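S.K.: please find the sequence and the predicted model below.
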Amino acid sequence: MGSGLSRAKIYYNVALRIWKKSLSQEKINENATEARLCQLNYNAGVLSIKLEECGAAEKYFLEVIAIHISNTENDFEIIELTARANTSIGNIRYKDKKFTEAINYYEKALDLRNHNHDVNKPEEINDKEEITGIYSNLGRSYFQQKQPEQAMKFFQKANRTLLSEAKRNELLIAENWIQMGNVRFQQK
């Protein structure tokens, strides 16, 4: 048999084929909703990342963003998936060391999350973990660009969000303190 990774890739490929088939069918289905198309594109993008096909993943994520741009409704699911797609493209850009582009995508994701709170029922939206992740990603990106004050600003926002949780993840809090320490160490 192969290694765990090669077996996982077999499963991911099977799943991706199913998502692609469903996506093709939904694109010609006149009753398909934009939210459904966003979900299919987003999931195909996530699977493409697992298969280390970042170019393909980005195309799926950009399709989610395009659907959102053409959508005049304030549909919770479309906004949520678009925020995730922007975060995912930001992660791709970060991995490619394109930090300015990563920052732009992370900021779009944050704007979308804030917009979702404005137009939908914020008490029903539980996205503090995602917001904390975006703050941390912005902090890391600014840190890589040698902008310590901007980096610290976002790590502090992440910390405030983490500490406001009733059920705290102590390891994430510790990781965030490490990142703030790295910023201060860089300023020595």
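M.R.: Looks like it arrived, so ask away.
S.K.: contacts, neighbours, all on C-alpha from now
M.R.: Fine.
S.K.: how many other residues sit next to the spatially closest residue to Tyr12 that is not a sequence neighbour?
M.R.: Closest residue to Tyr12 apart from its sequence neighbours, by CA to CA, 6 or more residues apart in numbering: Leu47 at 6.2 Å. Residues contacting Leu47 under the criterion other CA atoms under 10 Å number 24.
S.K.: list the contacts of Leu47.
M.R.: Going by CA atoms under 8 Å, 6 or more residues apart in numbering, Leu47 touches Tyr12, Asn13, Ala15, Leu16, Ala57.
S.K.: does the lengthiest helix in the chain pack against any helices or strands, and if so which?
M.R.: The longest helix of the chain (DSSP state H) is helix 4-28. Contact analysis of helix 4-28 by 3 or more CA pairs under 8 Å, 6 or more residues apart in numbering; DSSP states H and E lists helix 34-50 as its packing neighbours.
S.K.: for the helix it packs on, what does the pLDDT average out to?
M.R.: If you average the pLDDT over helix 34-50, you get 95.
S.K.: now Val183: which helix or strand?
M.R.: Following DSSP states H and E, one finds Val183 within helix 170-186.
S.K.: and that helix, which residues are buried?
M.R.: Neighbour-count burial for helix 170-186 flags Ile173, Asn176, Trp177, Gln179, Met180, Val183 (criterion: 16 or more other CA atoms under 10 Å).
S.K.: need the residues you listed in a markdown table (columns: distance to Lys95 and pLDDT).
M.R.: What follows is the buried residues of helix 170-186, written out as a markdown table (distance: CA to CA, whole Å; pLDDT from 0 to 100):
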| residue | distance to Lys95 | pLDDT |
| --- | --- | --- |
| Ile173 | 23 | 83 |
| Asn176 | 19 | 82 |
| Trp177 | 22 | 87 |
| Gln179 | 18 | 89 |
| Met180 | 21 | 88 |
| Val183 | 20 | 90 |
